[in-house]
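> The sequence and its predicted three-dimensional model are supplied below.
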Amino acid sequence: MSAPDGSPVGAERSIGQLFASATTEMSALVHDEIALAKAQLKRDVKRGATSGGAFSAAGAVLLFSLPMLNFALAYGIRTWSGWNLAVCFLLSFAANVLVAGLLALIGLLFAKKAKKGKGPQKVAASMKESAGVLQHAKPHPRQPHPTDKEAEAVARSSS
């Protein structure tokens, strides 16, 4: 098994190797968090598009169905009840407005879900938290390694 920089695990690594490894891992973390933000933003955009589609459908239903539905419903109410034709047309119009209102409500619900989407904000908060942890991280005090003492002794004796 080896570390990300290729050196065996458990082997002594230089500070440069440790720094390079930490930099590589931080870069990977940032790239992963950016990918997560993109995925969450894509989901929120899909919800917004669905909301827009539902509002468009509500408008189209109201616009194109009014003439035919009004006539059919008004004449149907008149046949069933024998009421005045004007009252029957008002009732058929009210039914069309009710259908359009329901479609608009569906669009409003999807719009609220898209607005509540906090994907990019969550990722930004996570990145700030990671940066805060790294800023306050203190290096471990190094315990002198036996080979370090021997190297110091050799350096002193040769000078």
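That came in fine, so what should we check first?

> residue closest to the middle of this structure?
The structure's the chain has its C-alpha centroid closest to Q40; by CA atoms, centre = their mean the separation is 2.0 Å.

> The chain: helices as residue ranges?
15-81, 85-116, 119-135, 146-158 (DSSP state H).

> Mind checking the pLDDT average for the third one?
Just to be clear, that refers to helix 119-135. Here helix 119-135 scores 70 as its mean pLDDT.

> what do you get for stretch 58-65?
On average, stretch 58-65 scores 84.

> Flag every buried residue along it.
Buried residues in stretch 58-65, counted by 16 or more other CB atoms under 10 Å: 58, 61-62. Any C-beta I mention is one placed from the backbone N, CA and C, and that applies to glycine too.

> Could you report the neighbour count for A94?
Residues contacting A94 under the criterion other CB atoms under 10 Å number 10.

> where does it land on pLDDT?
89.

> Kindly report the same for K138.
pLDDT, read off for K138, is 61.

> show me where pLDDT drops low in this protein?
1-11, 118-120, 123, 131-159 (pLDDT under 70).

> Keeping just the C-alphas, turn stretch 64-71 into PDB.
The C-alpha coordinates for stretch 64-71 follow below in PDB (Å, rounded to 0.1, in the frame of the first residue of the first chain):
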ATOM      1  CA  PHE A  64     -57.400  27.700 -25.400                       C
ATOM      2  CA  SER A  65     -60.100  25.900 -23.400                       C
ATOM      3  CA  LEU A  66     -62.300  28.800 -22.600                       C
ATOM      4  CA  PRO A  67     -64.300  29.100 -25.800                       C
ATOM      5  CA  MET A  68     -65.000  25.400 -26.300                       C
ATOM      6  CA  LEU A  69     -65.400  24.500 -22.700                       C
ATOM      7  CA  ASN A  70     -67.600  27.500 -22.000                       C
ATOM      8  CA  PHE A  71     -70.000  26.600 -24.800                       C
END
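
> Cool, thanks, signing off.
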